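Novice: next comes the sequence, and after it the predicted model I'd like to discuss.
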Amino acid sequence: MPKMKTKSGAKKRFKLTASGKVRGGQAGKRHGMIKRTNKQLRNQRGTTILSDQDARIVRKFMPNG
């Protein structure tokens, strides 16, 4: 059997932490910032740990997932 290819899009968008959790960018930051509160914008900086349900889907496509 040939090796299964990883999804290049997932490789670029997500990283695995040392404990195996999936880290990804914050949602809700693409447009419409004027509607959002300053507190929301502050809390959405950087990256976040995906929920278990989402991480299970993403991990299938990751190398070493």
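Specialist: Everything's here; your move.

Novice: rest of the way, CA atoms for contacts and neighbours
Specialist: Fine.

Novice: which helix or strand contains the residue nearest the centre of the chain?
Specialist: For the chain, residue 24 is the residue whose C-alpha lies nearest the centre (CA atoms, centre = their mean; 2.2 Å). Using DSSP states H and E, residue 24 sits within strand 22-25.

Novice: partner strands of that strand, parallel or antiparallel?
Specialist: Paired with strand 22-25 in the same sheet, following DSSP bridges, are strand 15-16 (antiparallel), strand 47-49 (antiparallel).

Novice: what is the mean pLDDT for it?
Specialist: Across strand 22-25, the average pLDDT comes to 96.

Novice: name the residues that touch the helix or strand following that strand?
Specialist: Counting by DSSP H and E, the element after strand 22-25 in chain order, helix or strand, is helix 38-43. Taking CA atoms under 8 Å, 6 or more residues apart in numbering as the criterion, the residues outside helix 38-43 that touch it are 29, 33.
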